[in-house]
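Student: prediction below, plus the sequence it came from.
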Amino acid sequence: MTAFFEGATGAEEALVDVADGATVLVGGFGMAGMPVDLIDALIRQGATDLTVVSNNAGNGDTGLAALLAKGRVRKVVCSFPRQSDSWVFDGLYRDGRIELDVVPQGNLAERMRAAGAGIGAFFCPTGVGTPLAEGKETREIDGRTYVLEYPIKGDVALIGAHRADRAGNLVYRKTARNFGPVMATAATTVVAQVSDVVDTGELDPEAVVTPGIYVDRVVSR
Amino acid sequence: MTAFFEGATGAEEALVDVADGATVLVGGFGMAGMPVDLIDALIRQGATDLTVVSNNAGNGDTGLAALLAKGRVRKVVCSFPRQSDSWVFDGLYRDGRIELDVVPQGNLAERMRAAGAGIGAFFCPTGVGTPLAEGKETREIDGRTYVLEYPIKGDVALIGAHRADRAGNLVYRKTARNFGPVMATAATTVVAQVSDVVDTGELDPEAVVTPGIYVDRVVSR
Amino acid sequence: MTLTKDEMAALVARDIAPGSFVNLGIGQPTTVADHLDAGSGVVLHTENGMLGMGPAATGDAVDHDLTNAGKVPVTELPGAAYFHHADSFAMMRGGHLDVCVLGAFQVSAAGDLANWHTGAPDAIPAVGGAMDLAIGAKQVLVMMTLFAKDGSPKLVPACTYPLTGLGCVDRVYTDLAVFDITPDGVRVRETFGITTDELAARLDVDITE
Amino acid sequence: MTLTKDEMAALVARDIAPGSFVNLGIGQPTTVADHLDAGSGVVLHTENGMLGMGPAATGDAVDHDLTNAGKVPVTELPGAAYFHHADSFAMMRGGHLDVCVLGAFQVSAAGDLANWHTGAPDAIPAVGGAMDLAIGAKQVLVMMTLFAKDGSPKLVPACTYPLTGLGCVDRVYTDLAVFDITPDGVRVRETFGITTDELAARLDVDITE
């Protein structure tokens, strides 16, 4: 059953059990779908030595960038750390104060999907012959070469969605959907930040994107 | 671009290029989502020596059962051929006139998803230690044993959906959704049978289940 | 007194924690739903792509686009969600369901399950979603009579029927007793009209209380 | 006359068949959209989960929940559909896009692509969706200047920069010529203000007409 929380205090309450050393999946593509309130709460909560899995490595000085700036993140797993406003990550990386694992964006998504779907590993054509496949097992199948990729599983997923019902079902808005639905399947504890919560029965069952089974906690503003 | 056809004649026109020996993915779970009009058109169209991939192997004397009864199907790949009203398949099978490849239902879905998603093969925990995994490659990953499963790709997919727009986007109804969206990704040519067609822009972009990119032909009643 | 099928279903229902996400297999396990308290918040999953499945549909509520895994028309509860087959089985395989309840031909002392094929040479094999459920749910409960019609026990040292899954069963509900399959062996939780000693005498499997 | 960037974009747009599903990479390739005929039925895909992407959003149309792969606010066209990242990249990887257009540091005569990393030891690596696009689309078109600022050719016998994908490029649009990468070698389709012989003299790659 999904638990519901409200506001900044609620967000902190929802993250109270995030442990040092945890792997945290953080939704969003740039700022779209980024669960900023949850990241702020995580900063206040204090967990450290985190591995963060997210498409980017923070923008500007808020959200993920602020978490990095506090020195809480040991390692970032992402597809695209380098952006015009990723100065926080850039500085930490150049100072050797943060580890980086660059993963092609589709592999990032598919490896989390595999974690959520109980797939042990999969042969993927992306990155064959490139530095990002170095040292990985490859196999030719039907004349094409594939790289063996393993699941990425989170202890916690922090995602941004548009709306939840009281059963924990989620819908998203436009391209802010991005990694949210995949991350919701791939973590032990899933916390969603939403704009509002409606009564159970008010979301169209045909249009639910993340069923409540995947959602442990919902924080509304 | 998606082509549009209407009625029984339109259905035949939409299937005119199905070749002898083709692998045909047929949607539906029992009768829910079963593209009966398309199967009827395929019967009239005459292609033979087909491999049919579908969850069941026909019910009663219509639809898939009728196609089987005409002797057009060399092999059925399915999870559950044996049903109270699967007498057509049962008879053919006992007479040795049809091949059967039984695949666990989740593997059937995931193997078609893999075909549609460009995955070369995947390690799956389902069926380990059972007769359905005999002779297949296995591997232990993180203490759990997995079987290596390969994609199932179709030449043609025949699926039933609820509604299409003029861009070929599809929505489904309730549990009639089942295999349709997966099969739509896994075949070279995808033909959908729908109840009605609406103008482009009339489907909610958040609720589209099968984007038009996957749909080659739509047949409305 | 041995349990009726209905009493077994009630027993299973009693042990399902409030708020659980549950898949009930085709046949006997389906009847567990009749014993779930509406206020328990238990959410039913059906493999053909739905969470929030309601009771069987009757009369005007019958909609052939809305069926359970047994192809029986069912209803939709508030908070339901539909999804396609790959997503439905990803949910099962990925370990997101709390409980599934399955029928069985045989269960071994190690929790191996045989429930899809009698092994008869003329039987048409049909597995459906049984193998996916067996390895997927966090807790796999089996409902079966303890003895077959010919009197042979169905809780066995090793399955003789073709397997559905290895070491996947957590608990077995039968007409005579409920057993936990544990790493330390088979434990008897409850007996009905029979003592554990009497049971032990009729089984080839070591059981403890 | 050599082509301007805008002329190159127009040339690429001209070669995209009506009704194609197309992904335009970040940067220069994005400008191809400005030259696509609205009546062509070309549908744009953006890796962050959308088909039916419209032009950049301005003024009140800016919605921070609706951006392209470069995080620029865009608009939605009728017939659009949204999907999550795993589905978006399954679409790419599964070969469902007809065309993608990418920038490049280097393309080899065998169609190897280098466009994500300069190989500089102090560069922060960032790949995004480039590797997925390179191997996924049915047709991979590259847009680049033919020579780097230091005068070295970017169409090379073998890439010296770290690779994005092996043998994936089908056609290369440059300011001086358009090249097809074929199993039989590099073919010149068109030149601009230069002859094929002059080009051949400036490249280390064998080219034919």
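Tutor: Happy to help now that I have it.
Student: from here on, contacts and neighbour counts on C-alpha atoms
Tutor: Fine.
Student: ok, longest helix in chain C?
Tutor: helix C:5-15 (DSSP state H).
Student: that one: which residues count as buried?
Tutor: C:5, C:8, C:9, C:10, C:11, C:12, C:13 (16 or more other CA atoms under 10 Å in any protein chain shown).
Student: stretch A:91-103 too?
Tutor: Burial within stretch A:91-103, assessed by neighbour count using 16+ other CA under 10 Å, is assigned to A:93, A:98, A:100, A:102, A:103.
Student: give me every residue in chain A lying close to chain D.
Tutor: For chain A, the residues in contact with chain D (CA under 8 Å from any CA of the partner chain) are A:29-33, A:55, A:79-82, A:90, A:94, A:102-106, A:109-110, A:113, A:125-131, A:173-182.
Student: drop anything exposed from those residues.
Tutor: Buried, going by 16+ other CA under 10 Å: A:29-33, A:55, A:79-82, A:90, A:102-106, A:109-110, A:113, A:125-130, A:173-182, out of the residues of chain A next to chain D.
Student: within reach of chain B, which of these are there?
Tutor: Subset of those in contact with chain B: A:125, A:173, A:174, counting by CA under 8 Å from any CA.
Student: can you show me the strands along chain C?
Tutor: Taking DSSP state E as the criterion, chain C carries its strands at C:21-24, C:43-46, C:50-56, C:74-82, C:99-103, C:106-108, C:113-114, C:139-143, C:155-156, C:171-173, C:177-182, C:185-191, C:207-208.
Student: run the angle between the fifth one and strand C:139-143 for me.
Tutor: In terms of direction (axes from the mean of the first three to the mean of the last three CA atoms, to 10 degrees), strand C:99-103 departs from strand C:139-143 by 30 degrees.
Student: cool, the longest one as well?
Tutor: Taking the same axes, to 10 degrees, one finds that strand C:74-82 is oriented at 160 degrees with respect to strand C:139-143.
Student: looking at the strands of chain C, which is closest to chain A?
Tutor: Of all the strands of chain C, strand C:74-82 sits nearest to chain A, with 4.2 Å by CA to the nearest CA.
Student: give me the sheet partners of the closest one and which way each runs.
Tutor: strand C:50-56 (antiparallel) (DSSP bridges).
Student: quick one, what contacts residue A:164?
Tutor: When contacts are counted by CA atoms under 8 Å, 6 or more residues apart in numbering or on different chains, residue A:164 touches A:170, A:171, A:194, A:196, A:197, A:198, A:218.
Student: just the buried subset of those residues, please.
Tutor: Buried, going by 16+ other CA under 10 Å: A:170, A:171, A:194, A:197, A:218, out of those.
Student: ok, now how distant is the nearest residue to residue A:154 once chain neighbours are set aside from chain D?
Tutor: Among residues not flanking residue A:154 along the chain, residue A:187 sits closest, at 4.2 Å (CA to CA, 6 or more residues apart in numbering or on different chains). From residue A:187 across to chain D, the span is 15 Å (CA to the nearest CA, to the nearest Å).
Student: tell me the pLDDT of the residue lying farthest from the centre of chain A.
Tutor: Distance from the centre of chain A peaks at residue A:143, with 34.3 Å (CA atoms, centre = their mean). With respect to pLDDT, residue A:143 scores 97.
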